[in-house]
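**Q** got a sequence here, can you build the structure:
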Amino acid sequence: MKRKIIRILLFILGGLLGLLLLYKLYLNYRPEIELLLHFDHHNEQVLVNMVRSHGIEDLAFLFLLNAICVAIPGLSNGIFCVLNGILYGPAIGFLVNWISDILGQLILMELLQKLYDMKKMTSSKIFKFLTSLKYPMIGLTLGYLIPFIPSATVSYVNIMINKNNRKKQIFPIVIGVVPFAYLYAYGGDSILHLDKRRLIEAVIWVVAVALFALAILLALKLIKRRTKKA
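**A** Predicted structure coming up:
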């Protein structure tokens with residue numbers, strides 16, 4: 001019961017902190033928002049220059065927002081990953097997304113061990129699926145890649161497979177979060193430039209990468225079954 005109360009308080013605190021940071025960003029970017037609401041193509045470059053003229057403070061806010069949303073189960077960081085692409089472009093946006101994702105996942109693993117009943121997670125279908133694969137490290141990497149798989153479950157499997165080995169725990173995270181860290185940033189940059197072609201391209205890539213990763217997971221499962229029968 002004590003753990004449950006702490007989890008609820010942590011969720012509420014993380015949500016409130018996220019809202020406060022988001023409100024701070026809104027105040028900082030209010031002139032740009034007003035310009036966007038009255039947008040025409042003649043002031044596109046003015047808007048881009050205004051949006052990307054902000055300093056390290058706003059970047060730090062978004063870094064924290066992204067890490068918080070990754071670290072607390074139930075929160076989603078997708079909107080902030082896209083926002084990083086809008087504010088800082090595909091290159092810097094990707095780096096902010098990638099590094100904050102890694103930090104958030106490491107914090108999440110610590111929280112899982114301290115605040116959750118780890119035994120309950122073994123009943124999860126995703127846990128059973130990932131631990132049944134022939135190559136669990138590949139499965140973990142793909143698990144971090146697919147956005148609709150809860151990262152808390154993937155992180156729990158990571159803890160179980162790579163007990164007390166921080167290097168092995170970090171490896172699938174570092175690789176797995178790369179594709180969407182970039183695609184979200186690329187999509188955000190496309191939104192700022194109102195480039196429909198690039199935006200549609202980003203959405204197609206998001207779906208394609210997720211489906212490709214899911215197909216590999218299913219193939220690994222099939223390989224394991226055939227190996228057992230042989």
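**Q** past the lengthiest helix in the chain, which element shows up next along the chain?
**A** As assigned by DSSP state H, the longest helix anywhere in the chain is helix 78-115. In the C-terminal direction, the helix or strand that comes right after helix 78-115 (DSSP states H and E) is helix 125-131.
**Q** any idea of the mean pLDDT in that next one?
**A** Confidence over helix 125-131, taken as the mean pLDDT, stands at 79.
**Q** coming back round to it: quick one: mean pLDDT for the longest helix of the chain?
**A** For helix 78-115, the per-residue pLDDT averages 88.
**Q** for that helix, buried residues please.
**A** Residues of helix 78-115 classed as buried: 80-90, 93-109, 111-112 (neighbour count, 16 or more other CB atoms under 10 Å). Placement of C-beta: from N, CA and C, glycine included.
**Q** with stretch 53-63 instead?
**A** For stretch 53-63, the neighbour count (16+ other CB under 10 Å) marks 54, 58, 59, 61, 62, 63 as buried.
**Q** let me see the contact set for the third one.
**A** Okay, so that is residue 59. Shown in contact with residue 59 (CB atoms under 8 Å, 6 or more residues apart in numbering): 87, 88, 92, 96.
**Q** tell me, how many residues neighbour the residue nearest to residue 171 when sequence neighbours are not counted?
**A** Distances taken as CB to CB, 6 or more residues apart in numbering put residue 137 closest to residue 171, at 7.4 Å, once the chain neighbours are dropped. Each residue near residue 137 was counted by other CB atoms under 10 Å, and the total is 15.
**Q** tell me what the helix or strand that contains residue 137 is packed against?
**A** Applying DSSP H and E as the criterion places residue 137 in helix 136-145. In terms of contacts (3 or more CB pairs under 8 Å, 6 or more residues apart in numbering; DSSP states H and E), helix 136-145 is packed against helix 125-131, helix 151-161, helix 166-176, helix 196-229.
**Q** which of those sits most buried?
**A** Most buried of these, by mean neighbour count (mean count of other CB atoms under 10 Å): helix 151-161, with a mean of 22.
**Q** extract the C-alpha trace of it and format it as CSV.
**A** Coordinates of each C-alpha in helix 151-161 appear next as CSV, following Å, rounded to 0.1, in the frame of the first residue of the first chain:
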residue,chain,number,x,y,z
SER,A,151,8.5,0.8,-21.7
ALA,A,152,8.0,-0.2,-18.1
THR,A,153,7.5,-3.8,-19.1
VAL,A,154,10.5,-3.7,-21.4
SER,A,155,12.6,-2.2,-18.7
TYR,A,156,11.5,-4.8,-16.3
VAL,A,157,12.6,-7.6,-18.7
ASN,A,158,15.8,-5.7,-19.2
ILE,A,159,16.4,-5.8,-15.4
MET,A,160,15.7,-9.5,-15.2
ILE,A,161,17.8,-10.5,-18.2
